[in-house]
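[1] just need the structure, nothing else, for what follows:
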Amino acid sequence: MKLSVFNIDNWREIGATLARNKTRTFLTAFGIFWGTAMLAILWGGGDGLRAALAGNFEGFASNCAIVFSGRTTVPYNGYKKGTYWMLRTTDIERMLLTVPEIEAAVPSASGPVTMKYRDKSTSGRSKATARNL
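    Reported below is the predicted structural model:
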């Protein structure tokens, strides 16, 4: 049996089958339409979100690195795993001397503080940045 796209009998049979199964035909067509529409919407939304985020961060800290102190994950030099360490100004000066690609370093500190004014006090977090301009 030879199948041809231009065979009129094939198209009549397809039309008759679609006419006999109207609900199934509608639901299948709607499912294909809905799936295609959702794919286009999600794809476009994803591209739009990526472009918006890229636009927001464009030129922002593109050549910046931030180093945080914290707890160690492995024992080192006699210290136990989980030892808390702090960066000091000498560490920053040493980094500036040993890595010539670093143009500038700005140390900052943050942590819990108790603020007092006369007889009132409150607790909170504070962040300070030391900057030499």
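[2] show the pLDDT at the spatially closest residue to residue 108 that is not a sequence neighbour.
    Ranked by Cβ to Cβ, 6 or more residues apart in numbering and with sequence neighbours excluded, the top spatial neighbour of residue 108 is residue 129, at 4.1 Å. For the C-beta atoms, the positions are set from N, CA and C on the backbone; glycine is no exception. If you check residue 129, the pLDDT there is 73.
[3] correct me if wrong: residue 129 contacts residue 106.
    Yes: counting by Cβ atoms under 8 Å, residue 129 touches residue 106, with 6.0 Å between them.
[4] so who does the residue nearest to residue 108 touch?
    106, 107, 108 (Cβ atoms under 8 Å, 6 or more residues apart in numbering).
[5] and this protein, what are its domains?
    According to automatic domain parsing, the chain comprises the domains 8-48, 62-133.
[6] go through the ones you listed and name the closest to residue 55.
    domain 8-48 (10.5 Å; Cβ to Cβ).
[7] roughly how far apart are residue 59 and residue 126?
    The gap separating residue 59 from residue 126 is 29 Å, by Cβ to Cβ, to the nearest Å.
[8] so where is the protein shaky, pLDDT-wise?
    Across the chain, the ranges flagged by pLDDT under 70 are 1-3, 62, 130-133.
[9] give me the more crowded residue out of residue 59 and residue 126.
    residue 126 (11 against 6; other Cβ atoms under 10 Å).
[10] could you confirm the more buried one falls within a strand?
    Yes: the assignment for residue 126 is a strand, going by DSSP: H, G, I helix; E, B strand; the rest coil.
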